[in-house]
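Asker: Return atomic coordinates for the entry below.
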Amino acid sequence: MTSSKIGKNRSLNWEKWPFWLIYSPLVFVWIYYAVKARTFWFMSNINPTLEFSGFEGEPKKEMYLQLPKADYPKTIYIDGDSSFAQVKEMLLDNGFSYPFIVKPDIGMQGLLFRKINEEAELVHYNLFVPVNYLIQDLVELPLEFSVFYIRYPGEKKGRITGFIQKEYMAVTGDGKSTLLQLIRSHPKAALRTAEMKTKHEKRLNEVLAKDEKFILSIAGNHNRGARFINLDELIDEPLCSVFDAIGRTANEFHYGRYDVKCTSIEDLKMGKNLSILEFNGSGAEPNHIYDCGMSYAEALSEIMIHWKAMYQIGCINKKRGFSYWGFVKGCRYLINAKKFFSKLRAYDINMDVEN
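Answerer: Down below sits the predicted model:
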């Protein structure tokens with residue numbers, strides 16, 4: 001795909017616009033709710049047990065410690081200053097074996113999310129990444145879903161507003177083209193050619209056999225090339241009941257998106273064979289707006305519906321004694337988070353461990 005075609009497709013498809021441009025028409029909606037709540041950060045108390053309600057920059061450890069251990073992958077937390085000898089000892093003490101997943105404790109958009117296949121890769125990751133990170137069991141369950149869940153304080157039952165299945169970004173061989181050629185012809189991978197060349201450097205000149213599937217990224221993020229399949233028509237009472245039970249266990253999770261792996265939709269609705277990869281709070285995007293043919297206006301309307309729920313939950317929690325964050329406190333927090341994520345992006349671009 002030529003650069004001119006890529007640029008044209010990006011300009012015509014709102015889903016490929018920068019985040020700030022997609023959300024720019026909603027500035028006045030945010031201000032409307034801020035005025036009504038008498039605080040700019042009207043979402044800062046909706047998940048009181050998460051820092052800044054999970055808007056951005058919250059530690060994943062906060063979330064995992066509120067869930068039953070059986071509901072998420074086996075996890076250990078590594079200090080960014082740990083020597084590899086210390087990391088290796090923790091692996092042995094906790095019964096880890098390769099391969100497994102590593103990701104920053106404070107992360108977003110799949111930055112520095114990697115699958116580690118052997119010790120040499122972990123040595124490199126531990127040396128290269130100077131931030132606290134998690135080591136987790138690799139969840140081999142075949143399907144990954146996102147479930148957007150909202151439950152108002154004091155209510156036992158919530159509602160699911162979005163349900164999608166994720167397909168990881170991949171190319172399929174034709175028996176003639178090299179991996180690099182396939183990447184350059186892929187509509188999403190072509191936009192991330194530099195990243196793909198770094199991550200798959202050792203295999204770029206390899207010709208994939210006909211119909212051979214090669215996964216380019218196991219990060220289930222839209223900005224990382226994953227494709228979303230909208231399953232709204234499959235939202236029903238059994239599915240809601242599963243996440244009502246999870247929500248009651250976590251107690252103060254009222255708004256956000258669960259990323260879950262499972263064996264099948266049927267098992268998910270029975271609460272069987274599932275593993276919660278993570279929970280994204282007030283900063284969670286209703287990602288069911290993507291890849292489903294929504295117009296830009298429809299997508300904005302869906303976002304506004306979710307912001308209204310944030311405002312309402314915030315008002316209820318204020319009456320329950322959970323205060324909003326002050327304007328200056330929130331700004332300082334986001335400035336520090338932005339600096340931190342800029343650092344992560346720089347490391348991620350140069351990271352040469354394949355994922």
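Asker: can you map out the helices along the stretch 201-350 of the chain?
Answerer: Assigned by DSSP state H, counting those that start in this stretch, the stretch 201-350 of the chain shows helices spanning 237-250, 265-270, 296-319, 327-350.
Asker: now the strands for the stretch 1-150 of the chain?
Answerer: 75-78, 100-104, 114-116, 133-137, 143-150 (DSSP state E, counting those that start in this stretch).
Asker: Would you mind giving these as CSV with distance to residue 249 and mean neighbour count added?
Answerer: The C-beta positions use only the backbone N, C-alpha and C, and glycine is treated the same way. Converted to CSV, the strands of the stretch 1-150 of the chain look like this (distance: least, CB to CB, whole Å; neighbours: other CB atoms under 10 Å):
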stretch, distance to residue 249, mean neighbour count
strand 75-78, 17, 18
strand 100-104, 23, 21
strand 114-116, 29, 22
strand 133-137, 20, 22
strand 143-150, 13, 22
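Asker: Which one of the ones you listed lies nearest to residue 337?
Answerer: Minimum separation from residue 337 across these (CB to CB) falls at strand 100-104, 12.1 Å.
Asker: tell me the mean pLDDT over that closest one?
Answerer: The average pLDDT for strand 100-104 rounds to 95.
Asker: Give the pairing partners of that strand; include direction for each.
Answerer: Partners of strand 100-104 in the sheet, by DSSP bridges, are strand 114-116 (antiparallel), strand 133-137 (antiparallel).
Asker: want to throw those strands into a markdown table with mean pLDDT?
Answerer: Formatted as a markdown table, the strands paired with strand 100-104 follow (pLDDT from 0 to 100):
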| stretch | mean pLDDT |
| --- | --- |
| strand 114-116 | 92 |
| strand 133-137 | 96 |
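Asker: Which one of the ones you listed lies nearest to residue 15?
Answerer: Nearest of the strands paired with strand 100-104 (CB to CB): strand 114-116, 25.8 Å.
Asker: what sits against residue 209?
Answerer: Residue 209 sits next to 173, 175 when contact means CB atoms under 8 Å, 6 or more residues apart in numbering.
Asker: related to what we said a few turns ago, export the strands paired with strand 100-104 to CSV and tack on distance to residue 163?
Answerer: Formatted as CSV, the strands paired with strand 100-104 follow (distance: least, CB to CB, whole Å):
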stretch, distance to residue 163
strand 114-116, 26
strand 133-137, 24
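Asker: Quick check: which of the ones you listed is nearest to residue 329?
Answerer: The nearest among those, by CB to CB, is strand 133-137 at 26.5 Å.
Asker: What lies in contact with the closest one?
Answerer: With contact meaning CB under 8 Å, 6+ apart, strand 133-137 is reached by 60-61, 73-78, 80, 87, 90-91, 96, 100-105, 112, 116, 125.
Asker: Kindly export it (C-alpha atoms) in PDB.
Answerer: Extracted in PDB, the C-alpha atoms of strand 133-137 (Å, rounded to 0.1, in the frame of the first residue of the first chain):
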ATOM      1  CA  TYR A 133       6.600  -4.100  35.700                       C
ATOM      2  CA  LEU A 134       4.500  -7.200  36.000                       C
ATOM      3  CA  ILE A 135       5.200 -10.800  35.100                       C
ATOM      4  CA  GLN A 136       2.100 -12.800  34.400                       C
ATOM      5  CA  ASP A 137       1.300 -16.300  33.300                       C
END
